[in-house]
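> need a 3D model of the sequence below.
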Amino acid sequence: MPTANNELPPTTTNQTPAPHLIPKESELGPEDEGSKNEIIAVIPKGERLPQKELPEQQSNDLQQVQKVGFDYTTERSTTHCSDLASSPKRPSSFFDILERGSHHLRNFSKHDSLDSPVNNNKTASTEEASEPSQDCGHRSDVLFENPPPADLEATNESILRKHNQLDLETIIWDDSSRDRRNMERSTLFDIDGMISRLLQVGKSKPEKRLCLHDNEILSICSAARNLFLSQPVLLELNAPIHIVGDIHGKFTDLLRIFEMSGFPPASNYLFLGDYVDRGRQSLETILLLLCYKLKYPESFFLPRGNHECANVSRIYGFHDECKRRCSVKIWKTFTDVFSCLPIAAIVAEKIFCVHGGLSPNLSDLNEIRNIARPTEVPDQGLLNDLLWSDPANIKDWGPNDDRGVSWVFGRKVVVNFLRRHDLDLVCRSHMVVEGGYQFFGERNLVTVFSAPN
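Numbers count the residues shown, from 1 in each chain. Here you go, the predicted model:
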């Protein structure tokens, strides 16, 4: 594959962020009553992009719609976000917010200050073509001073649509599981203690020795595997929710996301895959994500990325990290969990979220729902495309020459897909983009990438 160097802009490393970005429900005024249906994408950024002005008066239809970056249309957003955005004392890894009411997306009019479409040849490169990046350092001064208590009680309800909800506790701790019979029940239920130890790792330089024992890792993987299989392949979720792109083993940046946007269960999360490889702390990253999934199974979601695959993670770093710090057996156990992850999600019935993109083999969303798990990623076909395809400035479909696998798709494909399934937006990751996000076409597809550097 060709090699491309596509680095994100340098970041500033001064102080911790403001206390909160999103106002609590008790702080919302009458004008914010519709904000409970907002979709929030957490997007990493280096240097802040130049701010562009919007007209002073916005139409009533756009009062609760917020643009990407720092051009806001609501008074609430300006009040709670602009001070942090313009502060010279921002944290080293800054996160913009994409906040929009899904029911307004179709009526959102194009404005001169909006971002230009994706250009695969100039401003965006495929992350597979990049050399494995180095971790961006471990600075305790930009992390939280006091991690939230792991036993914090959930204050939010399930965001899984009701027909997808199951008796999760019974499924997670299924007595018929072989691993379950071979382990102490007290170990399986010590999720709080494991979360606490993982959070403490973020405050110091990582050590070769992992903070969890092998039997604890096996317990987490066994329970997570059962949980993923109990939930749908195509998740159907309600808003509000934070959407996060590729993490790639950048554990300190994952903690910054939680610090700025709220630790579970204060905020709901939908990640878009690629949790491992490239970064130096893939183990801590995937373990913390799985622990939060087990503790908050109906408000924390982890769809699959193309790196959640044995063939890819064997090459790009996760296999070697497991072998060096644990054992090859642990890596094989994780790949078994990866084969059970969900594939895609629909948020608020209007936003299709997936790691890669669309597929010429996808004519009905039930085809995603019918994907059997556990499953490996095939060399071609629907599942391969959902994890590997990319948007491009073409009209229809074309071979994905940069990756050597799957397809690229054009604006017409996106428009037809959204119209056919009564959707408004495709949200995907999988591609390095400057500033952490980039719109494509008529702003009906957005790429989110959350691993800085």
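
> switch to C-alpha atoms for all contacts and neighbour counts from now on
Noted.

> any low-confidence regions in this protein?
Counting by pLDDT under 70, the chain has low-confidence residues at 1-156, 162-189, 206, 453.

> ranges for the helices of it?
Assigned by DSSP state H, the helices in the chain fall at 75-86, 168-172, 178-181, 185-188, 191-201, 214-230, 251-261, 282-295, 310-313, 318-325, 328-338, 366-369, 382-388, 411-420.

> any idea which of the ones you listed is most buried?
Neighbour counts (mean count of other Cα atoms under 10 Å) averaged over each of the helices of the chain peak at helix 382-388, with a mean of 25.

> hmm, back to that, between the helices of the chain, which one is closest to residue 450.
With Cα to Cα as the measure, helix 251-261 is the member of the helices of the chain nearest residue 450 (8.4 Å).

> sorry, back to before: need the helices of the chain in JSON lines with distance to residue 442, can you?
Putting those into JSON lines (distance: least, Cα to Cα, whole Å) gives the following:
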{"stretch": "helix 75-86", "distance to residue 442": "24"}
{"stretch": "helix 168-172", "distance to residue 442": "40"}
{"stretch": "helix 178-181", "distance to residue 442": "50"}
{"stretch": "helix 185-188", "distance to residue 442": "48"}
{"stretch": "helix 191-201", "distance to residue 442": "40"}
{"stretch": "helix 214-230", "distance to residue 442": "34"}
{"stretch": "helix 251-261", "distance to residue 442": "28"}
{"stretch": "helix 282-295", "distance to residue 442": "33"}
{"stretch": "helix 310-313", "distance to residue 442": "33"}
{"stretch": "helix 318-325", "distance to residue 442": "37"}
{"stretch": "helix 328-338", "distance to residue 442": "34"}
{"stretch": "helix 366-369", "distance to residue 442": "25"}
{"stretch": "helix 382-388", "distance to residue 442": "21"}
{"stretch": "helix 411-420", "distance to residue 442": "8"}
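
> out of those helices, flag the one nearest residue 359.
Going by Cα to Cα, the one of these nearest residue 359 is helix 382-388, 5.3 Å.

> list the contacts of that closest one.
With Cα atoms under 8 Å, 6 or more residues apart in numbering as the test, helix 382-388 has contacts from 304-306, 343, 354-362, 377-378, 405-407, 430.

> repeat the analysis, applying 6 Å as the threshold.
Applying Cα atoms under 6 Å, 6 or more residues apart in numbering, the contact partners of helix 382-388 are 305, 306, 355, 356, 357, 358, 359, 361, 377, 378, 406.

> could I have the buried ones of these as ChimeraX selection syntax?
Burial among the contacts of helix 382-388 is assessed by 16 or more other Cα atoms under 10 Å; the matching ChimeraX selection reads:
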select :305,306,355,356,357,358,359,377,406
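
> out of the contacts of helix 382-388, who's nearest residue 234?
Here the nearest of those to residue 234, counting by Cα to Cα, is residue 355; it sits at 12.5 Å.

> what sits against the closest one?
Counted by Cα under 6 Å, 6+ apart, residue 355 has contacts 272, 273, 305, 387, 428, 429, 430.
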